[in-house]
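>>> curious how this folds, go ahead:
(one chain, ligands or ions: 1)
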Amino acid sequence: MHKLTVDNLPSFGNGLESKAHGLPAGTTPDRETETVVFSNPSSPGVWDENKVLANGCAQFECIFLLRPQNSAHAGRPPPLPSLSAASERKRKGKDVNRLTAIEAIGFVKIKSRKIVVACGGTQLRTEDILLYYNKMLGLAIQPPPRARPGVALYPPPAARLSSDTNIFEGLARVWAVATLIQRDSGETLYGQLSGRVADSAHPLTENGSSGSSSSGSIDRAYFYFPDLVIHEPGRYRIRISLMEMDYSCDSAPDGIVRYPNCYPEANTVDIYRAHLTSILAEVTGVDAKIIYPALQWTQTLEKGDLVLPVPALRIKGKKPNELAAEWVAKFPESPLVYKPTVNGTFLQFFFKVDKLAELLIPSILKRGKTFGQNKILGLKDPEDPSKGCKRIIVEFSSPNIAKPFHAGHLRSTIIGGFLSNLYEGSGWDVIRINYLGDWGKQYGLLALGFEKYGSEEALLADPINHLYEIYVKINKDLTKEKDEIKALEEAGQDATQIKNEGLDEQARRYFKAMTDNDSKAIAQWAHFRELSIKRYKETYARLNIHFDDYSGESQVKQENMDAAAKKMEDMGISEVSEGAVIVDFTKHVEGKAGKSLERPLIKKKDGTALYLTRDISEMLQREEKYKFDNMIYVVASQQDLHLKQLFKIIDLMGYKELAKKIQHINFGLVLGMSTRKGTVKFLDDILRDVGEKMHEVMQKNQSKYEQVENPLATADILGISSVMVQDMSGKRQVTFFSSV
Ligand SMILES: NC(=[NH2+])NCCC[C@H](N)C(=O)O
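Residues are numbered from 1 along each chain as shown. Prediction:
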């Protein structure tokens, strides 16, 4: 961009303005005079309360009489354009000389500092001028002395802003926009003025360099329009409008429509959506409320930054592509977007890049770590923050103690972590729950295994791996026992003794002791659980993930399961089948849907509860404990059926409100997650492996590698990040292959 400083800012220079400024003719105003012309009470631009317009803007104006004469500026005026015979005739017939009369008008609204232009609003139009400051502002406009149709105005119009208060801090949000107006009728002439019609403020400090102000001095800024072209001869006024974006959004003044879901203060793209909506409402004649939600993000940038599917505007009787072409033809010049393009039945919008950067970068700098967050979304009542925010439970990761932390758990951890952060960034109160697999007969078996193979020392040193080793060993023993029983029975021999005293029976009894609250059994189990959680926490911390509640299957209270079972029985949801309790969905849900839900077990013959039984009561417990507004289960799609059964049972039990609040977020499995070493069993191993792989890759470029300060730690972070990013970049429901 052309860079201006105080010294090369084109000066007024031709003496004509001095007349308009009340200075003796022929004098070239010095810089100070130029700048403060409108705050000079004797100048024509004096503030006049009587001119407060209906829209709340005060207007003061200064007419510059422009006649041909030698200008004093250094640059040469551009050559006259060669005019076509037709326009030459038109020009002569209308007795318009080659110069276009230009009038500059400044509008300044002086009121409270509150201002809304783009805030959820519709007002980001070139003709809108809303600058609210609590102190007087001076606006000086320097029009060019000559203007020729079809040739860039020269010297380019520039506007200066001055204030005796500090305006620099708000300057990133101030823009000036040039609009061409028919001199007599006052009509706004879209399409007749081209070039860059909008500019953001360039701070101007006393010493001439851009930057922050020194306190006590007058803050000044300038706006510059280097390439404005008026196409047809005529008499015009150029209006320079100042506008300030207000991203704070705590209130919208009367008359400004707020689209639902429009948060420009949090999301710069919403400024564009609001802006496009106001233009499109005019161009299409469709209600803005229909247009705004129809403007969508694109998947890839070559399709534009925003698209409008034309059929979404529900216009009957015309083909969408014809409508699109019509609208493009009518689309006015915009400071923010290029003319849209038609692609099939879509209108594609491309943002003007320099403006986007000017809007986006200050917003990023200002908001720092909170950039991208929008806490309003999570409010119970967006109009009244005192009512508090909504609460969501995200249940994710949920590994099983003493069993491998497999790829499914990893994906659940990553997706659940992201979801939690997204909700948190959206202002929800997020409760992260890890629902551990920590209950059932297998934990009785694990305790027996520990008696046989365990060591307290090894347990303390590495609980997760040690418990897993024991689990593998004791399961081997169990398989052996089962084989023995099978062999005996096949040989027609009696296997009762093994059945009554074997490992399986002992495990059952041990687990029974656990459910009966036997203190010794419970203490041992709790010890395993605590040590495992401690280690999990350390690993999760490497992923920047934490949980608010380590719940688990063990935490479901027996009395709650009894109550739920009774309720299901009373309501006729469950029934006894071959000594066990089941839910036969074909009896409750008609047709195919009922059939596909199958006939899950609720209680085994021996009266013990199952995975599904525990999930039912756990959900009711969570509702009681957390009084959540929504709950998400992040679980692999392998368990789709389980969760469908769970949700349906809750619905059948009459918890209709609860049933509406719960959601299963599933995902495909990651296949081929084994690694080169074939030793990946736990999250720690996965993270170690990806770190090592990353380190290998880094070493391939030795010269770069040497520049890395702490290569191992860097590789570790890069490895973890790549695992997370790779997961999120793939489609959630797709099963994909991955190998380290
Ligand atoms: N509420 C639930 N059932 N959550 C899913 C738990 C996942 C289970 N622990 C597993 O590893 O398969």
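>>> drop to CA atoms for contacts and neighbour counts, all remaining ones
OK.
>>> what number of neighbouring residues does Ala281 come out with?
Around Ala281 there are 17 other residues, counting by other CA atoms under 10 Å.
>>> so it sits in a helix?
Yes - assigned with DSSP: H, G, I helix; E, B strand; the rest coil, Ala281 falls within a helix.
>>> need the pLDDT of the residue lying closest to it once chain neighbours are set aside.
With CA to CA, 6 or more residues apart in numbering as the criterion, Ala281 has its nearest non-adjacent residue at 5.3 Å, and that residue is Ala288. Note for Ala288: predicted pLDDT of 83.
>>> please apply the same query to the one 5 residues further on.
In this prediction, Pro293 carries a pLDDT score of 92.
>>> ok, now the one 4 residues further on?
What the model reports for Trp297 is a pLDDT of 92.
>>> correct me if wrong: it contacts Pro309.
No - using CA atoms under 8 Å, Trp297 is not in contact with Pro309, being 11.0 Å away.
>>> how about the helices in the stretch 301-450 of the chain?
With DSSP state H, counting those that start in this stretch as the criterion, the stretch 301-450 of the chain has helices at 320-330, 353-367, 407-425, 441-453.
>>> separation between Gln555 and the ligand?
Separation of Gln555 from the ligand (CA to the nearest ligand atom, to the nearest Å): 12 Å.
>>> gap between the closest residue to that residue other than its chain neighbours and the ligand?
The shortest distance from Gln555 to any non-neighbouring residue, by CA to CA, 6+ apart, is to Glu618 (7.8 Å). Distance, Glu618 to the ligand, using CA to the nearest ligand atom: 8 Å.
>>> cool, and Ile230?
Relative to the ligand, and taking CA to the nearest ligand atom, Ile230 is found at 67 Å.
>>> got it, and Leu153?
Using CA to the nearest ligand atom, Leu153 is found at 68 Å from the ligand.
>>> try Arg508
20 Å.
>>> hang on, the earlier thing: got the phi/psi numbers for the residue nearest to Ala281?
phi -60, psi -30 (degrees, to the nearest 10).
>>> got the contact list for it?
Thr277, Ser278, Leu280, Ala281 (CA atoms under 8 Å, 6 or more residues apart in numbering).
>>> what does the chain put close to the ligand?
Counting by CA under 6 Å from any ligand atom, the positions of the chain adjacent to the ligand are Ser398, Pro399, Asn400, Tyr435, Leu436, Gly437, Asp615, Val635.
>>> and the first one, its phi and psi?
Recorded main-chain torsions at Ser398 are phi 40, psi 60, according to degrees, to the nearest 10.
>>> tell me, how many residues neighbour it?
Ser398, neighbours per other CA under 10 Å, totals 25.
>>> that older thread, can you pick the most crowded of the contacts of Ala288?
Busiest of the contacts of Ala288 [other CA under 10 Å] is Thr277, holding 28 neighbours.
>>> in the host helix or strand of it, what's buried?
Following DSSP states H and E, one finds Thr277 within helix 268-284. Buried residues in helix 268-284, defined by neighbour count with 16 or more other CA atoms under 10 Å: 268-281, 283-284.
>>> give me the number of residues near Leu652?
For Leu652, using other CA under 10 Å, the count is 17.
>>> for it, which residues are in contact?
Counted by CA under 8 Å, 6+ apart, Leu652 has contacts Ile573.
>>> what's the longest helix in the chain?
For the chain, the helix with the greatest residue count under DSSP state H is helix 463-490.
>>> what packs against that helix?
Contact partners of helix 463-490 among helices and strands, from 3 or more CA pairs under 8 Å, 6 or more residues apart in numbering; DSSP states H and E: helix 441-453, helix 456-461, helix 496-501, helix 503-515, helix 519-542.
>>> run through who's touching whatever helix or strand comes next after the longest one.
Counting by DSSP H and E, the element after helix 519-542 in chain order, helix or strand, is strand 549-552. Residues external to strand 549-552 that are found in contact with it (CA under 8 Å, 6+ apart): Ser398, Ile431, Arg432, Ile433, Asn434, Tyr435, Leu436, Gly437, Asp438, Trp439, Ile533.
>>> out of those residues, flag the one nearest to Thr496.
Distance to Thr496 across the contacts of strand 549-552 (CA to CA) is lowest for Trp439, with 27.2 Å.
>>> is the closest residue to Lys303 other than its chain neighbours in a bridge, and if so with what?
Spatially, and ignoring its direct neighbours in sequence, Lys303 is nearest to Gln348 (6.5 Å; CA to CA, 6+ apart). Beta-bridge pairing for Gln348 (DSSP bridges): Val307, Thr341.
>>> so the residue nearest to Gln555 touches Val556, yeah?
Yes - taking contacts as CA under 8 Å, Glu618 lies within contact range of Val556: 5.5 Å.
>>> ranges for the strands of the stretch 151-300 of the chain?
Remark: strands assigned in the stretch 151-300 of the chain by DSSP state E, counting those that start in this stretch are 158-163, 174-182, 193-194, 198-200, 202-204, 219-224, 229-230, 236-244, 296-297.
>>> run through the neighbouring helices and strands of the last one.
Counting contacts by 3+ CA pairs under 8 Å, 6+ apart, strand 296-297 is packed against strand 306-309.
>>> who's in contact with the strand it packs on?
Outside strand 306-309, the residues that reach it (CA under 8 Å, 6+ apart) are Ala294, Leu295, Gln296, Trp297, Thr298, Thr345, Phe346, Leu347, Gln348, Phe349, Phe350.
>>> contacting residues around Lys476?
If you count contacts by CA under 8 Å, 6+ apart, Lys476 has none.
>>> against the ligand, how distant is it?
21 Å.
>>> re the thing from before, how about the helices and strands packed on helix 463-490, which one is nearest Pro156?
Across these, closest to Pro156 is helix 519-542 (CA to CA), at 56.6 Å.
>>> if you average the pLDDT over that closest one, what comes out?
94.
>>> how big is the angle separating that helix from helix 463-490?
If you take axes from the mean of the first three to the mean of the last three CA atoms, to 10 degrees, helix 519-542 sits at 130 degrees to helix 463-490.
>>> show me what contacts the residue in the chain that the ligand sits nearest to?
The ligand sits closest to Gly437 of the chain, with a gap of 4.3 Å, by CA to the nearest ligand atom. The contact partners of Gly437, by CA under 8 Å, 6+ apart, come to Ser398, Pro399, Asn400, Ile401, Gly552, Glu553, Ser554.
>>> before we move on, what about Leu478?
Leu503, Asp504.
>>> just the one 10 residues further on next, same as before
Applying CA under 8 Å, 6+ apart, we find Leu488 in contact with Asp494, Ala495.
>>> what pLDDT does it get?
Reported pLDDT at Leu488 in the predicted model: 95.
>>> check the one 3 residues further on too.
You'll see Ala491 listed with a pLDDT of 95.
>>> may I have the phi/psi pair for it?
Torsion angles, degrees, to the nearest 10, at Ala491: phi -80, psi 0.
>>> distance of it from Glu484?
10 Å (CA to CA, to the nearest Å).
>>> more crowded one of these two?
Ranked by neighbour count (other CA under 10 Å), Ala491 and Glu484 place Glu484 first, with 14 against 9.
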